[in-house]
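Enquirer: Fold the following.
(one chain, ligands or ions: 2)
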Amino acid sequence: MNEKATYIVMLGPPGAGKGTQAKIIAEELGLVHVSTGDLFRENLSNETELGRLAASFMNKGELVPDDVTIAMVEERLSRPDCEKGAVMDGFPRTPAQAEAFDALLEKIGGKVDMVPFITVPNQVLVERLSGRWVSRSGRVYHALYNPPIVKWVDDFDGTDLYQREDDKPETVVHRIEVYYEQTSPLIEYYQNAGTLLEIDGTQPIDRVTEEILKGAKA
Ligand code: ADP
Ligand code: ADP
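Expert: Ligands and ions are numbered 1, 2, ... in the order given. Predicted coordinates:
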C-alpha cells in the first residue's frame, strides 16, 4: 500500500508523442516509465512465449488480447521500482483495460492522477511514424524532427537505432484505425473521471513537456 504513489496515463494515437514525453516526464517526476509496447518487444527479443504471442498481433497492427496485457502490467507494477508510481505509455488501450487498471490501482491504494491526451492530425501521425527511429532501450528519435547527433546511433549509449516492423506505411494506417475503434472511447472515460488534460501535440517536444508538467504540478 502506498497512498502517495502517482500514476499518469499517456493517451493519444500512435505517433502522437506518448513515448517521447513519457520518458522525459518520468525522469522529471522520479517515476518509472512503463511502456507496454516496449515490454512486448523486450519479451520478443528474449524469445519468450509471451513475446511470440504478442508479435503475432503487433506485426498486423492489432492489439494484443486484454487478459495477457493486463497480467503483464500487473506484474510490472508489482516490482519495487514502481513504488512511487508510474507513467503508463500505451496502456490502457481499451475500456476493459482501463477498468482493470482502476481496479488494480484501487487494490494497491492508488488512482489515475492525470491523463495527458496528446492530439495530432492523422497526416502528421503517418509522417512521424514513418520517420521514427528507436533504440533497444526504447529511446525515440525522428529522422527529420528529432534526429540523433549521428545517423542511426543513440546519442546516449551509442547503440544502433532501428525502424520498427510495425512502422511500415500499411501497418501504420491500420494502427491508427485500431486506435479510433478501440482506444478513443477512453477519451470520454477519463473526461468523466475528471483527469483528462488535452494537449496540442503539434507543438515542439519541449512545449508539450512544459504543458504536461504544468498539469502535473497544478
Ligand atoms: P507514440 O509513443 O505516441 O507512438 P513517439 O513518442 O514514439 O509516439 O513519437 C513518434 C515520432 O514522432 C517519433 O519519431 C518522435 O521522435 C516524433 N515526435 C514526438 N513528438 C514530437 C513533436 N512534438 N514534434 C515532432 N516530432 C515528434
Ligand atoms: P505506439 O507507440 O506507436 O503507439 P506501442 O509501442 O505502444 O506503439 O505498441 C505497439 C504494439 O504493441 C501495438 O500496436 C499493439 O499490438 C501492442 N500493444 C502495446 N500496448 C498494448 C496494449 N495496452 N494492449 C494491447 N496491445 C498493445
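
Enquirer: After the host helix or strand of His174, heading C-terminal, what element do we hit next?
Expert: Taking DSSP states H and E as the definition, one finds His174 inside helix 169-178. The helix or strand immediately downstream of helix 169-178 is helix 185-193, counting by DSSP H and E.

Enquirer: CA atoms of that following helix as CSV?
Expert: The C-alpha coordinates for helix 185-193 follow below in CSV (Å, rounded to 0.1, in the frame of the first residue of the first chain):
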residue,chain,number,x,y,z
PRO,A,185,-13.5,5.6,-26.1
LEU,A,186,-11.0,6.2,-23.3
ILE,A,187,-11.1,10.0,-24.0
GLU,A,188,-14.7,10.1,-22.6
TYR,A,189,-13.8,7.6,-19.9
TYR,A,190,-11.1,9.9,-18.4
GLN,A,191,-13.1,13.0,-19.2
ASN,A,192,-15.9,11.7,-17.0
ALA,A,193,-13.3,10.8,-14.3
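
Enquirer: ok, residues contacting the following helix or strand past it?
Expert: Remark: after helix 185-193, the chain's next helix or strand is strand 196-200, criterion DSSP H and E. With Cβ atoms under 8 Å, 6 or more residues apart in numbering as the test, strand 196-200 has contacts from 11, 114-119, 187, 190, 208, 211-212, 215. C-beta: built from backbone N, CA, C; applies to glycine.

Enquirer: in the helix holding His174, what's buried?
Expert: Judged by neighbour count (16 or more other Cβ atoms under 10 Å), helix 169-178 contains these buried residues: 171-172, 175-176, 178.

Enquirer: before we move on, back to that, adding pLDDT, write the contacts of strand 196-200 out as TSV.
Expert: Output for the contacts of strand 196-200, formatted as TSV (pLDDT from 0 to 100):
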residue	pLDDT
Leu11	98
Met114	98
Val115	98
Pro116	98
Phe117	98
Ile118	98
Thr119	98
Ile187	98
Tyr190	98
Val208	98
Glu211	98
Ile212	98
Gly215	91
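
Enquirer: Thank you, goodbye.
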